[in-house]
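[1] Pasting the sequence and the predicted coordinates here, then a few questions.
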Amino acid sequence: MNALPSIVAVIALSIGCGTAWAGQCPSLIGKARAELEQYKKKPGIAAIKDARIAAVEANLRAAEAAHAGGQHAESEQKANEALKLLAQ
């Protein structure tokens, strides 16, 4: 009987953590989209920029789809990949 409060606490924390992680996806995607708009304004070799922009946009579409499907770890990973591409 003494284990019941511990089990309830673990379940409550698990639910809370999942919700917190779900909230991080949109902010990462938004940050990447804002950085992409800035990147598009920078001068550079068109072919390299076009390829990088396409890769970033593909990662962002994948991040949004994963988030919508409840796959928040994958969404976060794809959004971070987009941000890494923009940092190069």
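    Alright, I've got the coordinates. Residues are numbered from 1 along each chain as shown.

[2] Tell me the buried residues in stretch 81-88?
    For stretch 81-88, the neighbour count (16 or more other CB atoms under 10 Å) marks E81, A82, L83, L85, L86 as buried. From N, CA and C alone the C-beta is placed, and that goes for glycine too.

[3] where does this protein have low pLDDT?
    For the chain, the stretches with pLDDT under 70 are 1-22.

[4] quick one, strands of it?
    Assigned strands in the chain: none (criterion: DSSP state E).

[5] what are the ranges of the helices in it?
    Per DSSP state H, the chain carries helices over the ranges 3-41, 46-68, 72-87.

[6] Check those helices for me and report the most buried one.
    Greatest average neighbour count among these goes to helix 72-87 (a mean of 18), per mean count of other CB atoms under 10 Å.

[7] who does it touch, helix- and strand-wise?
    helix 3-41, helix 46-68 (3 or more CB pairs under 8 Å, 6 or more residues apart in numbering; DSSP states H and E).

[8] Which other helices and strands does the shortest one contact?
    Using 3+ CB pairs under 8 Å, 6+ apart as the contact criterion, the secondary-structure elements in contact with helix 46-68 are helix 3-41, helix 72-87.

[9] E81 and L60 touch, don't they?
    No. Under the criterion of CB atoms under 8 Å, E81 makes no contact with L60, lying 9.4 Å away.

[10] who touches both of these two?
    Overlap of the contact sets of E81 and L60 (by CB atoms under 8 Å, 6 or more residues apart in numbering) is empty.

[11] so what's A32 up against?
    Counting by CB under 8 Å, 6+ apart, A32 has contacts V56, N59, L60, A63, A79, A82, L83, L86.

[12] From those residues, pick the one nearest Y39.
    The nearest member of the contacts of A32 to Y39, counting by CB to CB, is L86 at 5.3 Å.
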